[in-house]
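Trainee: Quick one, fold the following:
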Amino acid sequence: MRLIGLAVTASALALAAACSAQDSVPTGPGAPVESRPANAPDQQPAFAGQTRAPGVQTTLALSHAVVATGLEHPWGLALMPDGRWLVTERPGRLRIISADGAVSAPVAGLPPVAARGQGGLLDVVTGPTFGTDRMIYWSYAEARPDSGVDGGNATSVARGRLSDDGGRVEGVQVIFRALPAYDGDKHFGSSLAFAPDGTLFITLGERSDTPMRPQAQRLGSHMGKTIRINADGTVPADNPYVGQAGALPEIWSLGHRNMQGVAIQPGTGDVWTVEHGTRGGDELNRERAGANYGWPEVAYGVEYRGAPINGGITAREGIEQPVYYWDPSIATGGMTFYDGAMFPGWRGNLLVTALKDKHIARLVIENGRVVGEERLLTTLGERVRDVAVGPDGAVWVVTDETDGKLVRLAAVR
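Mentor: Reported below is the predicted structural model:
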């Protein structure tokens with residue numbers, strides 16, 4: 001295996017002699033891992049544990065290995081059945097990377113992307129029947145020259161068959177186009193996840209700029225919404241706004257700022273998302289069909305310049321509270337539920353990547369609430385963009401850097 005870099009914390013090495021595989025469980029809860037002052041210190045959580053959950057610590061020694069380098073702002077990470085990884089690069093390239101670090105040439109056949117600002121090639125997932133049809137799905141910022149908006153663009157989702165040799169995608173179809181188009185370069189979302197029933201969830205941003213913010217509350221716009229469609233792009237008949245006048249039928253939930261992570265909870269099928277706040281107010285939400293998550297009318301944190309958001313309102317009748325929020329912001333990216341064999345004590349935990357704060361947040365979930373938080377991979381020192389679990393239970397991430405990396409986090413045996 002070509003391991004370009006390796007790091008083991010000193011404290012982890014000290015613990016290794018006393019720990020066995022059975023010891024990969026958290027210690028008792030302690031002080032919160034977040035010790036910085038909040039940007040909005042007068043705001044209070046709606047319930048105990050909604051922010052600054054007690055810190056927990058994995059007692060099994062951990063190490064990380066840099067498996068591949070030279071990726072340009074990698075964004076999405078998806079495991080194929082043969083153990084290789086699909087990795088997107090924001091400028092518009094899709095690559096296949098083996099577990100030993102061999103990086104393919106760019107996969108051919110993808111449509112052009114609008115690689116501008118935060119836009120470009122975003123998430124990628126394998127389809128639920130990939131083993132038989134080799135279908136993959138990806139989200140990207142797409143130029144919309146026919147939209148009537150100069151410089152207009154928006155998030156789209158396409159699918160295609162990955163050729164047997166992995167060199168190209170064939171029969172590409174665009175199955176979803178977010179509306180309306182807008183001349184901007186921020187808050188495209190976008191993460192993808194298939195539910196057990198075969199429907200596809202898509203997370204979208206509200207495009208950031210002040211004039212676009214109210215669209216997160218408008219059912220005639222896809223902006224700031226979670227979307228649910230069938231794998232062929234059609235609309236499920238049980239979506240919450242099907243048949244409602246003035247509402248786009250693809251909408252599952254509304255009132256979001258910029259969601260870049262979505263995961264389906266094993267066993268329950270619940271849909272969880274994370275979204276970027278401003279200065280504070282990154283949110284973890286367990287989504288319900290038709291629910292409103294508040295943005296921009298209700299939010300934690302403050303504006304980037306320090307002013308309150310809509311008067312500092314954090315709760316309102318008919319608005320869902322986040323399960324968890326961070327203030328200060330950690331800049332949440334991708335997320336996944338852990339269900340591997342390497343860390344039995346992590347099963348059912350959420351792994352959330354942090355861009356600004358450069359770590360993985362491991363969140364212990366009990367009865368739909370966060371009861372513990374640990375920060376992993378803190379010594380890597382890079383923006384952690386997406387996270388996935390490998391066949392053996394190791395955790396894999398990509399880092400959003402000019403020289404982006406594919407990294408494996410594993411237990412020391």
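
Trainee: how about the helices in the protein?
Mentor: 10-16, 130-133 (DSSP state H).

Trainee: pLDDT of the last one, averaged?
Mentor: Read that as helix 130-133. Throughout helix 130-133, pLDDT has a mean value of 96.

Trainee: Contact partners for the closest residue to Val157 other than its chain neighbours?
Mentor: Once flanking residues are discounted, Val157 sits nearest to Phe176: 4.2 Å by C-beta to C-beta, 6 or more residues apart in numbering. Backbone N, C-alpha and C define where each C-beta goes, glycine included. Contacts for Phe176 (C-beta atoms under 8 Å, 6 or more residues apart in numbering) come out as 156-157, 202, 227, 229, 233, 250.

Trainee: Tabulate those residues in CSV, adding columns for pLDDT, distance to Ser163 and neighbour count.
Mentor: Listed next are the contacts of Phe176 as CSV, based on pLDDT from 0 to 100; distance: C-beta to C-beta, whole Å; neighbours: other C-beta atoms under 10 Å:
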residue, pLDDT, distance to Ser163, neighbour count
Ser156, 98, 22, 24
Val157, 98, 20, 25
Ile202, 98, 25, 28
Ile227, 98, 28, 25
Ile229, 98, 25, 20
Gly233, 98, 22, 16
Glu250, 98, 29, 23
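
Trainee: Could you report the neighbour count for Gly390?
Mentor: A count of nearby residues for Gly390, using other C-beta atoms under 10 Å, gives 17.

Trainee: and what of the one 3 residues further on?
Mentor: When counting by other C-beta under 10 Å, one arrives at 18 neighbours for Gly393.

Trainee: Looking at it now. What's its pLDDT?
Mentor: pLDDT for Gly393: 98.

Trainee: That one reaches Gly340, doesn't it?
Mentor: Yes: counting by C-beta atoms under 8 Å, Gly393 does reach Gly340; the two are 2.8 Å apart.

Trainee: OK, contacts around Gln260?
Mentor: By C-beta under 8 Å, 6+ apart, the residues touching Gln260 are 189-191, 203, 205, 274-276, 332-334.

Trainee: Give me the below-cutoff pLDDT ranges for this structure.
Mentor: Within the chain, the stretches with pLDDT under 70 are 1-28.

Trainee: gap between Thr58 and Gly30?
Mentor: Separation of Thr58 from Gly30 (C-beta to C-beta, to the nearest Å) stands at 13 Å.

Trainee: So these two - more neighbours on which side?
Mentor: Neighbours were counted for Thr58 and for Gly30 using other C-beta under 10 Å; Thr58 has more, 21 against 12.

Trainee: ok, the nearest residue to Thr378 once chain neighbours are set aside - how many residues close by?
Mentor: In space, and not counting its chain neighbours, Thr378 is closest to His359: 4.8 Å by C-beta to C-beta, 6+ apart. Look at His359: counted by other C-beta under 10 Å, it has 24 neighbours.

Trainee: Over to Pro196?
Mentor: Neighbour tally, Pro196, other C-beta under 10 Å: 11.

Trainee: Let me know whether it touches Gly267 as I believe.
Mentor: No: Pro196 is not in contact with Gly267 according to C-beta under 8 Å; the separation is 9.9 Å.

Trainee: about what we covered before: could you list which of the contacts of Gln260 belong to strands?
Mentor: 203, 274-275, 332-334 (DSSP state E).

Trainee: Of the residues you listed, just say which sits nearest to Ala48.
Mentor: Using C-beta to C-beta, Val274 comes nearest to Ala48 of the ones in strands among the contacts of Gln260, at 20.6 Å.

Trainee: Contact partners for the closest one?
Mentor: Contact analysis of Val274 by C-beta under 8 Å, 6+ apart lists 259-261, 282-285, 332-333, 335, 352.

Trainee: how near is it to Glu366?
Mentor: Taking C-beta to C-beta as the measure, Val274 falls 18 Å from Glu366.

Trainee: now do Met259
Mentor: In terms of C-beta to C-beta, Met259 sits 24 Å off from Glu366.

Trainee: can you check Leu219 too?
Mentor: 34 Å.

Trainee: Counting neighbours, go ahead and name the busier of the two.
Mentor: Using other C-beta under 10 Å, the more surrounded residue of Leu219 and Glu366 is Leu219, with 18 against 10.

Trainee: surely that one meets Gly246?
Mentor: Yes: the pair Leu219 / Gly246 is scored as a contact, 6.2 Å apart, by C-beta under 8 Å.

Trainee: Skipping adjacent residues, who's closest to Leu79 in space?
Mentor: Nearest to Leu79 is Ala388, by C-beta to C-beta, 6+ apart, at 5.7 Å.

Trainee: That neighbour contacts Val407, doesn't it?
Mentor: No: the pair Ala388 / Val407 is not scored as a contact, 11.3 Å apart, by C-beta under 8 Å.

Trainee: any shared contact partners between these two?
Mentor: Common neighbours of Ala388 and Val407 (criterion: C-beta under 8 Å, 6+ apart): 396-397.

Trainee: the more surrounded of those two?
Mentor: The neighbour comparison of Ala388 against Val407 (other C-beta under 10 Å) goes to Val407, with 24 against 18.

Trainee: what is that one paired to in the beta sheet?
Mentor: Val407 forms beta bridges with Val66, Val397, as assigned by DSSP bridges.

Trainee: which residues sit in contact with it?
Mentor: 64-67, 377, 380, 396-399.

Trainee: re the thing from before, and the contacts of Phe176, which is closest to Asn292?
Mentor: Ile227 (15.2 Å).

Trainee: excluding its backbone neighbours, what's nearest Arg257?
Mentor: Nearest non-adjacent residue to Arg257, counting by C-beta to C-beta, 6+ apart: Trp295, 4.5 Å away.

Trainee: gap between the one you found and Asn258?
Mentor: Going from Trp295 to Asn258 by C-beta to C-beta gives 9 Å.

Trainee: Correct me if wrong: Val387 contacts Ile360.
Mentor: Yes: assessed by C-beta under 8 Å, Val387 is found in contact with Ile360 at 6.1 Å.

Trainee: Now for these two: what residues contact both?
Mentor: Common neighbours of Val387 and Ile360, using C-beta under 8 Å, 6+ apart, are 351-353, 395, 397.

Trainee: residue contacts, the nearest residue to Gly120 once chain neighbours are set aside?
Mentor: Excluding the flanking residues, the one nearest Gly120 by C-beta to C-beta, 6+ apart is Arg90, at 3.6 Å. Going by C-beta under 8 Å, 6+ apart, Arg90 touches 72-75, 115, 119-122, 400.

Trainee: Right, I'll call it a day here.
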